[in-house]
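Visitor: mind looking at a prediction? Sequence and model below.
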Amino acid sequence: MTTIKDKVVIITGAGSGIGEETAHILAADGAIVVAVDINNAETVADEIKEKGYEAFGATLDVTNAEQWEDIKKRTLEKYGRIDALANIAGISTDTYITDLSEQDFEQMLNVNLKGPFLGMKTVLPEFIAQKSGKIVNITSLAAHIGITQLPSYSASKGGLIALSRQVAVEYAEHNIQVNCVSPGVIETPILANNPAGVTDMHLANTPANRLGKPAEIAYAIRFLISNDSDFITGQTLKVDGGWGSH
């Protein structure tokens, strides 16, 4: 079994969905969780602490560089180090490209691509100094195959895979591993943003014939931040029930 005991892990998007599930699972396995999100992160951290595990929560707008620096400062003051970053925060509301506003396109890129960029930029100096570090970026099956009505989402997640690969190659010599997890259709509140019938269509394209569970993404993240993955970097793991293998 992979071990992550005592690793200090910053988890964005920890207030709900995959991020929340990941925070609970990593904490239960012995990680020290820094739960951050635009909403609800402190509540999630309190729930973790009530179970007897170590965590603290804070509000973070992932598009704000100053807030990222504050989270780093507070984490280092409290725990003395940062071992891993899981960039899970994201948005998915989209439409046909002909109906997509410039403002909405920019917002998607800001949250889904600029946010992880700022996170990596913030923690990498610490990882270089300590000669170790793990980064896991959550992308999407939409970055690998064409899915209707997801132009800006697909662009943001495809860009994140490319950025992750570049950072992985650049910093591998410092014993830093950067990988992606690309979920398929996962049973989270974000599905409510899908246009009518879209989720059913996605399900019909999934050979496993079911929605994925947030925990199944969390387990993939757990592996990629554990020491068992020290020779894996620049990779993208699809957790999609087989859809991407069509």
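Guide: Here it is on my side, so go on. Numbering: from 1, shown residues only.
Visitor: now residue 123: which helix or strand?
Guide: With secondary structure defined by DSSP states H and E, residue 123 is part of helix 115-130.
Visitor: residues contacting the residue nearest in space to the middle of the chain?
Guide: The structure's the chain has its C-alpha centroid closest to residue 88; by Cα atoms, centre = their mean the separation is 2.2 Å. The neighbours of residue 88, taking Cβ atoms under 8 Å, 6 or more residues apart in numbering as the test, are 11-14, 18-19, 22, 138, 221. Using the backbone N, CA and C atoms, a C-beta is placed for each residue, glycine as well.
Visitor: 6 Å instead, please
Guide: Residue 88 makes contact with 12-13, 18-19, 138 under the criterion Cβ atoms under 6 Å, 6 or more residues apart in numbering.
Visitor: my guess is residue 212 meets residue 188, correct?
Guide: No. Distance between residue 212 and residue 188: 9.2 Å, which falls outside the contact criterion (Cβ atoms under 6 Å).
Visitor: where along this structure do the helices fall?
Guide: Along the chain, the stretches classed as helices by DSSP state H are 17-28, 41-50, 65-79, 102-109, 115-130, 151-171, 198-204, 214-225.
Visitor: what's the pLDDT at residue 178?
Guide: With respect to pLDDT, residue 178 scores 98.
Visitor: what is the burial count for the nearest residue to it once chain neighbours are set aside?
Guide: Setting aside the residues directly before and after it, residue 178 is nearest to residue 168 in space (Cβ to Cβ, 6 or more residues apart in numbering), at 3.9 Å. Here the number of neighbours of residue 168 (other Cβ atoms under 10 Å) works out to 19.
Visitor: surely residue 168 meets residue 234?
Guide: Yes. Residue 168 lies in contact with residue 234 (Cβ under 6 Å); the separation is 3.5 Å.
Visitor: pLDDT weak spots in the protein?
Guide: Low-confidence regions of the chain, defined by pLDDT under 70, span residues 1-2, 192-196.
Visitor: farthest from the middle of it: give me that residue.
Guide: Checked against the mean C-alpha position of the chain, the extreme residue using Cα atoms, centre = their mean is residue 98, at a distance of 28.7 Å.
Visitor: which residues touch it?
Guide: If you count contacts by Cβ under 6 Å, 6+ apart, then residue 98 has nothing around it.
Visitor: quick check: bridge partners of residue 32?
Guide: The residues paired with residue 32 through beta bridges, assigned by DSSP bridges, are residue 8.
Visitor: correct me, but it touches residue 54?
Guide: Yes. If you go by Cβ under 6 Å, residue 32 and residue 54 touch, sitting 4.7 Å apart.
Visitor: so in this protein, which strand runs the longest?
Guide: With secondary structure taken from DSSP state E, the chain has its longest strand at strand 176-183.
Visitor: still on that earlier bit, check contacts around the residue nearest to residue 178.
Guide: 178, 233-234.
Visitor: let me know the angle separating the longest strand of the chain from helix 17-28.
Guide: Going by axes from the mean of the first three to the mean of the last three Cα atoms, to 10 degrees, strand 176-183 is angled at 130 degrees with respect to helix 17-28.
Visitor: can you list the strands that strand 176-183 pairs with?
Guide: strand 133-138 (parallel), strand 236-239 (parallel).
Visitor: go through those strands and pick out the most buried.
Guide: Mean neighbour counts were compared across the strands paired with strand 176-183 using mean count of other Cβ atoms under 10 Å; the top stretch is strand 133-138, at a mean of 27.
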